[in-house]
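Student: What shape does this take:
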Amino acid sequence: MRQLISLGLLLWVSIIWGVVDSELLYNEQEAISSQPEIEIALIELQESPVAINFESLDRLLIIPGIEPEEIRKLHDIVKGRQIKNRNELIKKGMPEDVMRLLDTYITYSRPADSRINMALVSAFNDTSFTRSSFRAKIQQGDVELGISLDRRGEEAVEDVFHPFYFKYDCYPWQFLVGQYSVRWGQGILHAPAFRMGFGKTAGGFYSSSDNVIRPYTSSYENTYFSGSAVQYKQGAFRGIIYFSEAKLAVNYADSMLISSITDGSDEEEFYTLETCLGGALLREGSNWKLGLLAERLRYSEEFEKEAGWAEQDNFSSWIEYKGRNLLSGGEIVYSEEKWAGSLTLKYGSSNFRQYLLFRRYQADFPDIHGNPAARRSHFGGEEGIYYGITLKPGSRWQIDMYADLYYFPQERYLIELPSGGAEEMLNVKYGRGDNYLEIYGRYRKADQHVAIDDSSMVIPVVNGSGQITLNQEVEHIILKSRMGFRWEENTETGKIKRGFVIYQQAGRKFGNSKIWLRLTAFRGELPLYLYENNLRYSNKQVCLTGDGYRAGILLTKSWKFYKGEMKYYFEHNDEGDEQGLLMGISVCKK
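Tutor: Next up is the predicted model:
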């Protein structure tokens, strides 16, 4: 009864106060591929840690810095034993550095039969309410319920984006009703279950054994379905059928379909997906997976007028293999008489690892929920290859580098000439734990299409970025200093734009409380994208433009079942002053 009362109170408060700043972290400039979904997955993993003595360890693979060899070693230690605490794992050979990464995401006790996770955040800007959010997940035995409310300012309650789901597990069956996302293959048709990562490390794979149907209660992700799904598991086989009958808005541009988080509004540039019916079959072995997927999608009449077709049939085949020193996967897709495919390889020892990603999409390949493998990818006729290397010459050294080459040999939507580009990255890190020095640099040369009257031309645009980061622990205070810059040159006009940023950050833990401070100064013509500490489920990305400075403070306090958070920030730039306050409370009870 008390749990129901708590849920009712939080729902009432969320409606009155209006949700977290939950916009997409992804941007075309400096995004790290799949960053939003990994952040959400890490939060959910922290709320529901892996019981290493009773559950599969595959979910731990998404933790940044964790290698498959380390999870395999943890599995060998745990197998046939009942590990009681952290010290026992260290005595049996788990490195201290690895345990620091795992501590937040594992538990040694039996999984709880019931669990309640709730989070409520309210955001103010210059004393006015701007957003508020409520997120809850309740699990009781085989039943799980999740809901999210996202309200902006004076937005009416009936217009609030409120995804929900109801899931019932009764092995070998699983039923789900509500909003959900599909994770499949390497992201050609749906959000990827298996893909190369892009960022300051050369590569990595986002992979999970439970990767086909995922409940959707987050506006971080950019694609979802609304309907129902049924899953049947028997031994090594899994069969899934999913159905969606909701008017989800899509945008047709650049010879591909881009899904949009919306309530299906009738804005002029959007057209709707009317229905979707799909099915998948997955066969899982001890170190491999094989999957087949087929689906049919039906669009509105307005969409048919724009795209020339109203129905779409998709077929996909996906395979994944995990060996001791080899991790690989591939996906082939057929849609509207067009083909697309990608292949990824990750091989070598933990001290010297190489990454390869090949991709090829036929011209005018249609897609709606896909998420391209590479950061600058488009499905419209791209051919590309990515090669990365990770070196660990010593216990404190790590060197990452990659090169990504892509080319569009045929004309694309509104682009009448071939185009292409290349991107290179180098990141060197020295240190361990909270004491390290990191130097990062990236260079990109890409063709940019320019329309002049009735003709087209392609202009090479060169841009790059670099940063130096120093992190150290001094008297129990974690200090972080960073200096970074961006630049962009138009080779046709010779014009160069620049952006520069520097910040100092300090954080300390006092028992169950934490305090975080940051002071940032920035200057230049280009927007600068930074990630800074923020409330749970809140947008961590900050965009700085012009000349100015920004200061922020974040306070957190944890109790037995509750956690309170408060953040205040002040920013001054060319457009004036801005200040904001975010307050949140979360509940985690087992």
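Student: Name the residues of stretch 482-498 that are buried.
Tutor: 482, 484-490 (16 or more other CB atoms under 10 Å). Heads up, the C-betas are built off the backbone N, CA and C, glycines and all.
Student: Just the terminal-to-terminal distance for it.
Tutor: In stretch 482-498, first residue to last residue: 17 Å (CA to CA, to the nearest Å).
Student: and that stretch, what's its mean pLDDT?
Tutor: Throughout stretch 482-498, pLDDT has a mean value of 87.
Student: distance between it and the chain's centre?
Tutor: Relative to the chain's own centre, stretch 482-498 is displaced by 28 Å; criterion: CA atoms, centre = their mean, to the nearest Å.
Student: what sits up against it?
Tutor: Stretch 482-498 has contacts (CB atoms under 8 Å, 6 or more residues apart in numbering) with 30, 459-470, 499-503, 505, 524-526, 528.
Student: which stretches of the chain form helices?
Tutor: For the chain, applying DSSP state H gives helices covering 2-17, 35-47, 68-78, 86-91, 96-102, 301-307.
Student: Go through the fifth one and flag the buried ones.
Tutor: Residues of helix 96-102 classed as buried under the neighbour-count rule (16+ other CB under 10 Å) are 98-99, 101-102.
Student: how many other residues sit next to Trp173?
Tutor: Using other CB atoms under 10 Å, Trp173 has 11 other residues around it.
Student: same thing with the one 3 residues further on?
Tutor: Leu176: 23 surrounding residues under other CB under 10 Å.
Student: What count of nearby residues applies to Pro409?
Tutor: 11.
Student: what does the model give it for pLDDT?
Tutor: The predicted local confidence for Pro409 is 78.
Student: Phe379 now?
Tutor: pLDDT at Phe379 comes out at 57.
Student: Run through the residues that contact the nearest residue in space to Phe315 that is not next to it in sequence.
Tutor: Using CB to CB, 6 or more residues apart in numbering and skipping residues adjacent in sequence, the residue nearest Phe315 is Tyr334, 4.6 Å away. In this structure, Tyr334 makes contact with 314-316, judged by CB under 8 Å, 6+ apart.
Student: And the chain, what are its domain boundaries?
Tutor: 1-54+110-155+507-590, 163-391 (automatic domain parsing).
Student: Packed most tightly, which of those would that be?
Tutor: domain 163-391 (a mean of 19; mean count of other CB atoms under 10 Å).
Student: coming back round to it: out of the contacts of stretch 482-498, which are buried?
Tutor: Buried among the contacts of stretch 482-498 (16+ other CB under 10 Å): 30, 461, 463-465, 467, 469, 499-503, 505, 524, 526, 528.
Student: what about the residue lying closest to Ala310 once chain neighbours are set aside, distance to Gly227?
Tutor: In space, and not counting its chain neighbours, Ala310 is closest to Glu304: 3.8 Å by CB to CB, 6+ apart. Computed as CB to CB, to the nearest Å, the Glu304 to Gly227 distance reads 22 Å.
Student: pLDDT value on the residue nearest to Ala310, please?
Tutor: Glu304 is assigned 77 on the pLDDT scale.
Student: Can you verify my assumption that it contacts Gln312?
Tutor: No. Between Glu304 and Gln312 there is no contact under CB atoms under 8 Å: 10.8 Å.
Student: Give the residue spans of the stretch 101-250 of the chain that score low on pLDDT.
Tutor: Residues of the stretch 101-250 of the chain meeting the criterion pLDDT under 70: 127, 153, 155-161, 195-199, 204-211, 217-223, 246-250.
Student: hmm, back to that, just the ones in strands from the contacts of Tyr334, please.
Tutor: Among the contacts of Tyr334, the members falling in strands (DSSP state E) are 314-316.
Student: Identify, by residue count, the longest strand of the protein.
Tutor: Max-length strand for the chain by DSSP E is strand 455-474.
Student: hey, C-alpha coordinates of that one in PDB?
Tutor: Taking C-alpha atoms only, strand 455-474 is exported to PDB below (Å, rounded to 0.1, in the frame of the first residue of the first chain):
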ATOM      1  CA  SER A 455      23.700  23.300 -61.100                       C
ATOM      2  CA  SER A 456      25.700  21.600 -58.300                       C
ATOM      3  CA  MET A 457      29.200  21.600 -57.100                       C
ATOM      4  CA  VAL A 458      31.100  19.800 -54.400                       C
ATOM      5  CA  ILE A 459      33.500  21.800 -52.100                       C
ATOM      6  CA  PRO A 460      36.000  20.000 -49.800                       C
ATOM      7  CA  VAL A 461      35.600  21.200 -46.200                       C
ATOM      8  CA  VAL A 462      38.400  20.500 -43.700                       C
ATOM      9  CA  ASN A 463      37.800  20.500 -40.000                       C
ATOM     10  CA  GLY A 464      39.300  19.100 -36.900                       C
ATOM     11  CA  SER A 465      39.500  19.200 -33.100                       C
ATOM     12  CA  GLY A 466      41.900  18.500 -30.300                       C
ATOM     13  CA  GLN A 467      42.100  18.500 -26.500                       C
ATOM     14  CA  ILE A 468      44.400  17.900 -23.600                       C
ATOM     15  CA  THR A 469      42.900  16.500 -20.300                       C
ATOM     16  CA  LEU A 470      44.600  16.200 -17.000                       C
ATOM     17  CA  ASN A 471      42.800  14.300 -14.200                       C
ATOM     18  CA  GLN A 472      44.300  13.800 -10.700                       C
ATOM     19  CA  GLU A 473      43.300  13.100  -7.200                       C
ATOM     20  CA  VAL A 474      44.600  15.600  -4.600                       C
END
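Student: ok, it: who's next to it in the sheet?
Tutor: strand 435-452 (antiparallel), strand 477-490 (antiparallel) (DSSP bridges).
Student: Any chance of those in TSV with distance to Asn287 as columns?
Tutor: What follows is those, written out as TSV (distance: least, CB to CB, whole Å):
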stretch	distance to Asn287
strand 435-452	33
strand 477-490	39
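Student: Good, wrapping up.
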